[in-house]
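Colleague: what follows is a predicted protein model with its sequence.
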Amino acid sequence: GDHSDVYACRGTGIAMLASNSVQENADLSLIAHLSAIEASYPFMHFFDGFRTSHEFNTIQVPDSKIATQLLNQKALAKFRNRAMNPDHPKMYGTAENSDTFFQHREAANPYINAIPQIVANYMQKFTQLTGRSYHLFDYVGAPDAEHIIIAMGSACETIAATLPQLKGKYGLIKVRLYRPFSAEHLLQVLPASVKTITVLDRTKENGAVGDPLYLDVAAVVRNKTILAGRYGLSSKEFTPDMVAAIFTNASAQHPQDHFTIGINDDVTHTSLTVAPRPDLHPQGGCRFYGLGSDGTVGANKNSCAIIGDNTDLYSQAYFVYDSKKSGGTTISHLRFDKQPIHASYLVTHPNFVACHNQTFLTRFDMLSGITDGGTFLLNTTYPAEQIDAILPNDVKRTLRDRHINFYIINAYQIAKDLGLGVRINTIMQTAFFKLVNMIDYQKIKVLLKTAIEKSYGKKGPAVVEMNNRAVDSADTALIRIDVNQLTITKTEAPTKQPTMIETINSLQGDTLPVSAFTPDGSAPTATTQYEKRDIATSLPHWIPENCIQCNRCAMVCPHATIRPVLTNQPTPDSFKTIKALGVPGYEGYQYRMQVSPHDCTGCGACAKICPARNKALVMESFDQVHEDENYQHALTLPETPVTPNNVKLAQFNRPLFEFSGACAGCGETPYIKLLTQLYGDKLVIANATGCSSIYGGSSPSCPYAKNAAGHGPAWANSLFEDNAEFGFGLRKALNLRGETDKIVWVIGGDGWAYDIGFGGLDHVLASGENINVLVLNTEVYSNTGGQASKATPKGAVAKFAAGGKSTDKKDLGGMMMQYPNVYVAQIAMGANMEHTLKVLKEATAYNGPALVIAMCTCINQGIDMSNGMGIMADAVKCGYTTLYHRNPQDGQVVIDSPAPTGDIEEFKSKQTRFRKKS
């Protein structure tokens with residue numbers, strides 16, 4: 001979320017209108033449309049990504065009657081009459097030569113010059129109708145200001161709210177109409193008393209004399225000291241403390257120019273020092289720490305709506321996510337006030353903090369800034385009598401020193417008893433309302449149940465009833481802990497300097513200096529092994545006497561957290577083993593299936609796939625599975641490489657893709673993991689933007705690992721649309737260096753391969769180059785929330801296809817078979833693991849272009865994520881998906897799946913995407 005994309009559009013000549021808040025977004029969107037019609041000119045209405053676009057706030061939405069009153073009907077008719085129409089034909093987009101092009105470019109000048117006044121007129125009329133005032137440039141602050149800031153976007157909200165608290169002759173000019181940039185209107189609002197102007201830009205343009213807004217202001221204003229500042233790249237926080245630091249710099253005898261704010265630049269020393277100013281931050285607010293997919297964010301959105309709709313309070317919410325998929329950390333920041341809320345930054349001094357996962361206690365400084373007498377709610381599986389033993393000393397100190405009202409609740413047990421699984425949102429939301437006492441609690445229970453009916457009504461009365469019972473169960477499950485009884489242990493572990501990865505994963509990445517980062521943008525691999533996220537509530541327990549040593553559990557594990565172990569060395573008593581069977585070269589070895597307890601996500605896919613008559617893997621509660629020492633011992637054992645002639649043997653090779661941030665039960669990652677078990681030390685991967693690039697390459701978490709020799713996959717991500725071409729370039733470069741033994745795989749989802757990157761994919765496959773493409777086909781744009789792609793089947797419900805997709809699915813494999821020299825195959829691991837293994841090996845061995853389309857289950861399909869492999873098997877059994885391959889070496893298309901015998905309607909009934917049309 002910064003302005004780099006907006007500034008990149010300057011050269012198009014489009015008019016640009018900026019909004020600073022959710023309210024302004026609602027208002028100026030109308031003004032942008034009205035102005036575009038009257039000016040007969042295209043407008044871009046922009047606002048800060050995520051900070052404003054994903055903010056929840058209580059606003060007044062302009063009435064449609066206002067739009068009707070303001071609309072220029074004659075201009076609208078004129079606009080419509082210019083549409084392409086054979087009744088009055090015209091040509092657009094003609095090719096022009098040098099004799100006429102220049103003149104034609106200047107012909108639009110009168111239209112462009114008229115835009116500022118047109119926008120200003122609509123702003124004036126809008127103010128008369130609503131009372132909300134807007135101008136092309138708005139000034140706030142001291143009428144005799146000596147030091148002002150010029151900025152646009154959400155930073156203006158923070159600056160404007162901070163100004164009254166600062167002692168000084170300070171002011172702010174908010175830029176609304178950025179293009180055309182009206183020098184006349186800017187100078188009209190600039191106080192004559194101004195000595196310094198600090199222009200803030202939310203972008204970095206390497207090599208330029210200054211960033212864009214600064215250059216505009218410098219070109220207009222004369223005889224003033226103009227300073228340039230850079231802030232907020234990629235949604236970096238911009239707080240009142242920083243506003244104060246900027247004005248302190250401007251007031252200095254020798255102010256720093258071309259500075260940065262909000263970071264510690266210890267390399268080129270551009271950053272301003274920011275002194276903490278807690279007096280400038282509003283006290284109060286709420287912070288909720290949750291896990292992605294546990295419902296915390298959705299519950300907090302509902303809470304804001306309930307309070308906003310049923311009280312006289314204004315509500316605001318920001319939601320912070322890490323780059324993990326479901327199972328990642330989410331932090332919800334909520335504010336409530338009797339006045340409109342203009343704090344466009346996160347809550348710093350909450351009076352309520354909730355921890356929805358007890359593992360966060362040792363990972364994050366959740367109680368940072370909590371107000372004296374505030375409330376802390378902890379969801380924990382530990383009983384009250386054990387709380388003192390499990391709380392870290394620093395948490396206990398804060399609870400005692402700040403007189404915190406401390407409550408615990410076992411929401412996981414309540415959810416389990418009610419059949420809600422890990423969805424603790426309703427329980428924790430009810431507990432929140434019970435403790436904050438903003439609305440009469442009995443009224444809140446009614447409102448919550450009304451919201452439940454609205455949210456879950458389509459899922460049936462049973463789901464509604466379960467959630468209603470969750471509301472009734474929550475308040476009686478709250479237990480208050482006397483903080484004065486908490487004991488501080490005398491012996492504490494010695495502190496050590498945290499690594500860069502530890503700093504980022506503890507949510508302290510903002511404290512890292514510039515010198516901590518590599519100038520070339522590269523990042524180390526094999527770093528997820530250090531995360532140990534502890535997000536599983538249940539773990540697989542191995543029962544040796546039931547195990548048939550098929551290794552299917554390891555094959556399907558999305559996160560490579562369960563692996564077969566071969567050893568001929570002495571082992572601890574707890575490290576139970578059985579005689580290894582059917583492993584050439586390892587006769588006399590012992591066998592064990594080992595889980596990594598702190599990396600497992602608890603999806604249950606391993607237990608579900610186990611084919612043994614009596615399951616060799618059963619899911620048990622996290623605190624009942626004691627595998628730490630066994631896992632640590634397994635790490636000390638030598639690697640046991642095996643020629644991967646079949647699925648079982650392939651799993652003895654160490655996966656060089658492990659512990660990613662993918663969803664629990666992800667259907668994509670097992671394919672990537674298998675590739676690394678086959679060719680990991682020779683792999684070069686070009687990865688399209690999408691799920692696989694987020695769980696595959698989100699700094700500082702890299703799941704691509706190294707073998708004992710330090711070799712492993714080399715991975716890079718370019719753009720969404722050019723991944724095939726990018727991989728093609730990597731292949732060409734390797735060939736030029738004579739490294740033909742390196743194996744290039746181009747990996748991406750169906751949104752890339754079927755849609756946005758299809759042209760490039762077609763070009764590369766037609767080239768004849770020895771390059772391999774793996775399409776992870778979830779049949780939607782998974783990374784952005786499940787939008788329909790051309791791989792989405794007809795009738796399936798997805799975003800942008802709410803009534804079911806109306807067109808047929810693209811047959812990508814059939815299309816690419818038109819090139820006789822392309823290896824083409826379709827696989828589904830859950831249906832036939834050996835076929836999957838065979839195809840990946842054949843595609844790699846083929847000296848030419850290869851396309852492998854892999855069926856992948858996904859949370860967006862609305863399935864039981866523990867049964868993703870079973871869904872794949874059902875898909876092939878009923879004929880929904882066909883397994884095949886075509887090897888150009890023999891030219892035959894071979895159908896590798898048997899004739900359909902299953903019920904396709906039963907298959908569809910297990911996925912909500914085929915059941916949500918009403």
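Modeller: Everything's here; your move. Residues are numbered from 1 along each chain as shown.
Colleague: gap between the residue located most distally from the centre of the chain and Tyr695?
Modeller: Distance from the C-alpha centroid of the chain, by C-alpha atoms, centre = their mean, peaks at Asp99 (50.6 Å). Look at Asp99 and Tyr695: by C-beta to C-beta, to the nearest Å, they are 55 Å apart. C-betas here are computed from N, CA, C, even on glycine.
Colleague: next up, the contacts around the residue nearest to Val595 when sequence neighbours are not counted.
Modeller: Excluding the flanking residues, the one nearest Val595 by C-beta to C-beta, 6 or more residues apart in numbering is Ile562, at 4.7 Å. Shown in contact with Ile562 (C-beta atoms under 8 Å, 6 or more residues apart in numbering): Pro540, Cys553, Ala554, Met593, Gln594, Val595, Ser596, Cys600, Cys606, Leu617.
Colleague: change it to 10 Å
Modeller: Ile562 makes contacts with 539-540, 542, 551, 553-556, 593-596, 599-600, 605-607, 617, 651, as judged by C-beta atoms under 10 Å, 6 or more residues apart in numbering.
Colleague: next one: it from Leu635, what distance?
Modeller: Ile562 is 14 Å from Leu635, where distance means C-beta to C-beta.
Colleague: how are the strands of the stretch 451-600 of the chain distributed by residue range?
Modeller: 479-481, 538-542, 562-567, 578-579, 590-595 (DSSP state E, counting those that start in this stretch).
Colleague: those: which one's closest to Ile827?
Modeller: Ranking the strands of the stretch 451-600 of the chain by their distance to Ile827 (criterion: C-beta to C-beta) puts strand 562-567 first, at 21.9 Å.
Colleague: what angle do the closest one and strand 590-595 make?
Modeller: Orientation check (axes from the mean of the first three to the mean of the last three C-alpha atoms, to 10 degrees): strand 562-567 against strand 590-595 gives 150 degrees.
Colleague: adjacent strands (with direction) for strand 562-567?
Modeller: Counting by DSSP bridges, the strands paired with strand 562-567 are strand 590-595 (antiparallel).
Colleague: next structured bit after the strand it pairs with?
Modeller: helix 605-609 (DSSP states H and E).
Colleague: buried residues in whichever helix or strand comes after that following helix, which are they?
Modeller: Tracing the chain C-terminally past helix 605-609 and defining elements by DSSP H and E, one meets strand 617-621 next. For strand 617-621, burial by neighbour count (16 or more other C-beta atoms under 10 Å) applies to Leu617, Val618, Met619.
Colleague: pLDDT for those residues - can I get that in a markdown table?
Modeller: Shown next, in a markdown table, are the buried residues of strand 617-621 (pLDDT from 0 to 100):
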| residue | pLDDT |
| --- | --- |
| Leu617 | 98 |
| Val618 | 97 |
| Met619 | 96 |
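Colleague: could you tell me the end-to-end distance of stretch 258-277?
Modeller: 23 Å (C-alpha to C-alpha, to the nearest Å).
Colleague: for that stretch, list every residue counted as buried.
Modeller: By neighbour count on 16+ other C-beta under 10 Å, the buried set for stretch 258-277 is Phe259, Thr260, Ile261, Gly262, Ile263, Asn264, Thr270, Ser271, Leu272, Val274, Arg277.
Colleague: please name the residues that touch the second one.
Modeller: In this case it means Thr260. 204, 228-231, 233, 236, 268-272, 514.
Colleague: recalculate using a threshold of 6 Å.
Modeller: By C-beta atoms under 6 Å, 6 or more residues apart in numbering, the residues touching Thr260 are Arg230, Thr270, Ser271.
Colleague: neighbours of the first one, just the number please.
Modeller: Yep, that's Arg230 we're talking about. 24 (other C-beta atoms under 10 Å).
Colleague: check the gap between it and Ala151 for me.
Modeller: Arg230 sits at a distance of 11 Å from Ala151 (criterion: C-beta to C-beta).
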